[in-house]
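Colleague: sequence first, predicted model second:
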Amino acid sequence: MGRRGRKPREMRAIAKERIKILMELAIKNGLENKIDRADRYVYLARKIGMKYNVRIPRKYKRFICKKCKRALIPGITARVRIRRGKVVYTCLRCGGAKRYILP
């Protein structure tokens, strides 16, 4: 059986770094219209986060649809609108919406 519970600090640090790299690649490929590749990078980043119990940083979390768990690329797979002091990201695949308060 494998080790259960919290992973060592070094492993979690490496996992955070890998998540950051994968999300950067997902955004880059999404902007180049390689949507299937971007979705795969988001999938891998989420799996690493779950395995090592590491959160995806807030700045990258905005690029993941909460409903279908795929890449949200503004203008390509997501519609971005500003309404009543909130930014609304709408997924063009599943219709899920994410709302963020403007600072």
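Modeller: Ah, there it is. Numbers count the residues shown, from 1 in each chain.

Colleague: surely Arg99 is in a strand?
Modeller: Yes. Under DSSP: H, G, I helix; E, B strand; the rest coil, Arg99 sits within a strand.

Colleague: doesn't Thr90 make contact with it?
Modeller: No. Counting by CB atoms under 8 Å, Arg99 does not reach Thr90; the two are 9.8 Å apart. In short, each C-beta sits where N, CA and C put it, glycine included.

Colleague: if you count what's nearby, which of these two comes out ahead?
Modeller: Higher neighbour count among Arg99 and Thr90: Thr90, with 16 against 12, using other CB atoms under 10 Å.

Colleague: you'd agree that one is in a helix?
Modeller: No. Under three-state DSSP, Thr90 sits outside any helix and is assigned strand.

Colleague: kindly state the beta-bridge partners for it.
Modeller: Beta-bridge partners recorded for Thr90 (DSSP bridges): Arg79, Ala97.
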